[in-house]
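Peer 1: Provided below for reference: sequence and predicted model.
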Amino acid sequence: MDIIVGTAGHIDHGKTALIKALTGVDTDRLPEEKQRGITIDLGFAELDIGGLHIGFVDVPGHERFVKNMLAGASGIDLVLLVVAADEGVMPQTREHFDICRLLCVDDGIIVLTKTDLADAETLEMAKLDVAELVTATPFENASVIEVSARTGEGIETLKGELAKITETVRPRESGLISRLPIDRIFSVKGFGAVVTGTLASGRIDEGTEMELLPNGLKVRVRGIQVHGKSVKSASLGQRVAVNLGGIDHSKVIRGMVLSESGILRPTQIIDTEIEVLLSAAKPVRTRQRVRVHLGTVEVLARIQVLNGAGEIEPGETGFVQIRLETPVVAVPGERFIIRSYSPQITIAGGTVLDNGAAKHRRKDLTVIHNYLSELKIADPLAQVSTFVSNAGSTGLTFSDLQARTGLKKEALTAAINENIAMRTVVDCGGVYLAAAEFDSLSSRTLSEVENFHKREPLAKGIHREALRESTFAFLPNEIFQAVISSLEAVGKIATDNDIVRVVTHQAVLSPAETLLSEKLLSIYSDARLEVPKFDEALTEAASTAKLDMQTARKLFAQFLDSGELVKVTEEFYFTRNVIDSLTAKLRKFAETGDKIIDVTQFKTLAGVSRKYAIPLLEYFDRTHVTSRSADKRIIL
């Protein structure tokens, strides 16, 4: 079993000395740290207790280096809250403790160090200090271990307590894709760039292609080390060193995230819920500039409080939108810390709810609150339903949902399928739409077809593309196709080629319209292959029925839609029977063994002049009955 333990506490309270006493490793690796005698950056050490492997993250205690402390605190499972027995609780003890609580690191041990420097009364005062600090917190019943790193007193007891408490540590979320927030970068001669961090979720395998976010830099995993040993893969919760190919170490900075390629998307707007510390001097207000610590990155941002007052008082919680000055990557459920811009003190912490948010309007606050309240249910099933519902009529694709949830393919697929089975979500050919939105679009589509029939009672139906433009403009075509298929399946509409109509629709013609239709059909039937021009035929039919040309055109369109008349050119139309008969003659001509025919032969075969022969041959070329070769045709 692997577990990550972090230290927390005031400067010079013995955190580094404690880790050295436990592991034998001095985590102060920088020359400046040796010279000044304080921890400046993160330090790392390891300890094996039976089958338990503990990775220690030693963090700086000085207030100037809380930024570095936060980079380490983001990946820990439990904390050693270190308090010097000869000094008691100090300012950075409180801030570190607040940070751990806001990050939901609720498991830990209180360690009273430097007991060899404190008399009984001072030690008792330190215990009272600590008890007051942790009252009404998850640490209220935490074990308190007294140790001296110098004499070794209490070290073995602490090791035993570590082994005991790790049995109750909450397991990390396992349904998310691979993410490694990077807290350290260096170069190894002969190997190149190496990054380290605590694997927040998923696994990393040697040889895989990954990317560094938010920059989107493509890299290859050349090698992996866990606890100083080369391995083929690393699992979530482990301290990992990854040798990256395809990039120079100078291009990598702390705060980047090594992730599966092509899934997460950088963002500068996130919707969150935050808790403002009771100790904060002022409320958190809209437009306030702050420092956001997410994973191992620090980013400047502006706050947009999502309530009517525009502020959240100390000790209160509320929804806020954070508008970041530089892009980050985040997943729902990820914890973060907010510090004031100046002076730099911790004022709040929270949870990411939506990593792909858009700017909100104050008039939509009720809708926003309902939406974010649903997202607080950190369940894949609810996440998929809520994200899809909020997307409205545009819907979301699988890749959209994976970017928004950070879920592995298998976990996301299961959540989508369950939503489909419950009919909260409808699959529109790979675009997922809320069932209520799909039903609304279906109703609108049916109404549009019905209204078309009212406007154009003589028309067979509305053209498919016209329907799509009127009802589904700017929406994915997959949604339109799914709605049409659904309405067909339940017998409400019918489609004939590119025409959509209500199943029960029938064009009812008046006596004059019937006369006009009969006249049009007789003109073309009687003419056979020597048809009049279109305008001439239309004028003659309209005059006979005493109707206007517009009505004549609509009735003519019915013959085209039904296929009874065939358009050869803008001027010449023929009955389907005549065209089929001429096609059969061409086929029979080809059966004689001569598949080549010229214009003269065609004129003889059809019994028409060149006026009709050329348009007809060009029509047969277009419909692949013939194929032109120079001035002749090949009968196909």
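Peer 2: Sure, I can see it.
Peer 1: go through the protein and flag its longest helix.
Peer 2: helix 435-455 (DSSP state H).
Peer 1: give me the mean pLDDT for that one.
Peer 2: Across helix 435-455, the average pLDDT comes to 92.
Peer 1: repeat that for stretch 136-152.
Peer 2: 89.
Peer 1: got the end-to-end distance for it?
Peer 2: Stretch 136-152 has an end-to-end distance of 32 Å (CA to CA, to the nearest Å).
Peer 1: repeat for stretch 201-216
Peer 2: Using CA to CA, the end-to-end distance of stretch 201-216 comes to 19 Å.
Peer 1: likewise for stretch 211-220?
Peer 2: Stretch 211-220: ends 8 Å apart by CA to CA.
Peer 1: can you pull the buried residues of it?
Peer 2: For stretch 211-220, the neighbour count (16 or more other CB atoms under 10 Å) marks 211, 212, 213, 214, 217, 219 as buried. For the C-beta atoms, the positions are set from N, CA and C on the backbone; glycine is no exception.
Peer 1: hmm, back to that, what is the longest helix of the chain packed up against?
Peer 2: Under the contact criterion of 3 or more CB pairs under 8 Å, 6 or more residues apart in numbering; DSSP states H and E, helix 435-455 touches strand 425-428, strand 462-463, helix 464-471, helix 477-489, strand 499-502.
Peer 1: let's see that with 6 Å instead.
Peer 2: Taking 3 or more CB pairs under 6 Å, 6 or more residues apart in numbering; DSSP states H and E as contact, the helices and strands that helix 435-455 lies on are helix 464-471, helix 477-489, strand 499-502.
Peer 1: next one: that helix to chain centre, how far?
Peer 2: Its chain's C-alpha centre and that of helix 435-455 lie 30 Å apart, by CA atoms, centre = their mean, to the nearest Å.
Peer 1: again with stretch 133-147
Peer 2: Computed by CA atoms, centre = their mean, the chain-centroid distance of stretch 133-147 equals 40 Å.
Peer 1: how about stretch 415-425?
Peer 2: 18 Å.
Peer 1: send the alpha carbons of it over as CSV?
Peer 2: Provided in CSV are the C-alpha atoms of stretch 415-425 (Å, rounded to 0.1, in the frame of the first residue of the first chain):
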residue,chain,number,x,y,z
ALA,A,415,-22.9,6.9,-16.9
ILE,A,416,-24.1,7.9,-20.4
ASN,A,417,-25.8,4.5,-21.0
GLU,A,418,-27.5,4.6,-17.7
ASN,A,419,-28.9,8.1,-18.4
ILE,A,420,-30.1,6.8,-21.8
ALA,A,421,-31.8,3.8,-20.2
MET,A,422,-33.5,6.2,-17.7
ARG,A,423,-34.3,8.5,-20.7
THR,A,424,-32.9,11.6,-19.0
VAL,A,425,-30.5,11.7,-22.0
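Peer 1: quick one: which of the helices and strands packed on helix 435-455 is nearest residue 432?
Peer 2: helix 477-489 (9.8 Å; CB to CB).
Peer 1: which residues are in contact with the closest one?
Peer 2: Contact partners of helix 477-489, identified using CB atoms under 6 Å, 6 or more residues apart in numbering, comprise 428, 429, 431, 441, 442, 445, 468, 472, 493.
Peer 1: before we move on, what about stretch 366-375?
Peer 2: 271, 306, 319, 353, 360, 386, 390.
Peer 1: now stretch 288-303
Peer 2: Identification of contacts with stretch 288-303 by CB under 6 Å, 6+ apart yields 67, 70-71, 74, 181, 183, 254-255, 284, 320, 322-326, 328, 330, 336-339, 341.
Peer 1: so how far does it reach from one end to the other?
Peer 2: Span of stretch 288-303 from end to end, CA to CA: 5 Å.
Peer 1: of the contacts of stretch 288-303, select the buried ones using a PyMOL command.
Peer 2: Filtering the contacts of stretch 288-303 down to the buried ones (16+ other CB under 10 Å) takes a single PyMOL command:
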select buried, resi 70+71+74+181+183+254+255+284+320+322+324+328+330+336+337+338+339
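Peer 1: out of the contacts of stretch 288-303, which are inside strands?
Peer 2: 181, 284, 320, 322-326, 328, 336-339 (DSSP state E).
Peer 1: now for these, which pair is the farthest apart?
Peer 2: It's 181 and 284 that sit farthest apart of the ones in strands among the contacts of stretch 288-303, by CB to CB, at 24.5 Å.
Peer 1: residue 317: neighbouring residues, count only.
Peer 2: For residue 317, the neighbour count with other CB atoms under 10 Å is 12.
Peer 1: mind listing what it touches?
Peer 2: Counted by CB under 6 Å, 6+ apart, residue 317 has contacts residue 275.
Peer 1: show me where the chain dips below the pLDDT cut-off.
Peer 2: Within the chain, the stretches with pLDDT under 70 are 1, 26-43, 59-74, 171-173, 507-508.
Peer 1: which residue ranges make up the domains of it?
Peer 2: 2-168, 179-260, 267-369, 576-635 (automatic domain parsing).
Peer 1: would JSON lines of these with distance to residue 555 be doable?
Peer 2: Below are these laid out as JSON lines (distance: least, CB to CB, whole Å):
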{"stretch": "domain 2-168", "distance to residue 555": "73"}
{"stretch": "domain 179-260", "distance to residue 555": "60"}
{"stretch": "domain 267-369", "distance to residue 555": "50"}
{"stretch": "domain 576-635", "distance to residue 555": "17"}
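Peer 1: can you report phi and psi for residue 21?
Peer 2: phi -70, psi -30 (degrees, to the nearest 10).
Peer 1: look up the closest residue to it, ignoring the ones flanking it.
Peer 2: In this structure, residue 21 finds its nearest non-sequential neighbour in residue 149, 4.1 Å apart by CB to CB, 6 or more residues apart in numbering.
Peer 1: quick one: contacts of stretch 626-636?
Peer 2: Stretch 626-636 is touched from outside by 586, 590, 595, 596, 597, 598, 620, 621, 624, with contacts defined as CB under 6 Å, 6+ apart.
Peer 1: now a PyMOL select for only the buried ones of these.
Peer 2: One line in PyMOL is enough to select the buried ones among the contacts of stretch 626-636; burial here means 16+ other CB under 10 Å:
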select buried, resi 586+590+597+620
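Peer 1: among the contacts of stretch 626-636, name the ones in helices.
Peer 2: 586, 590, 620, 621.
Peer 1: nearest spatial neighbour of the third one, skipping sequence neighbours?
Peer 2: Meaning residue 620. Residue 620's closest residue in space is residue 626 (CB to CB, 6+ apart), at 4.4 Å.
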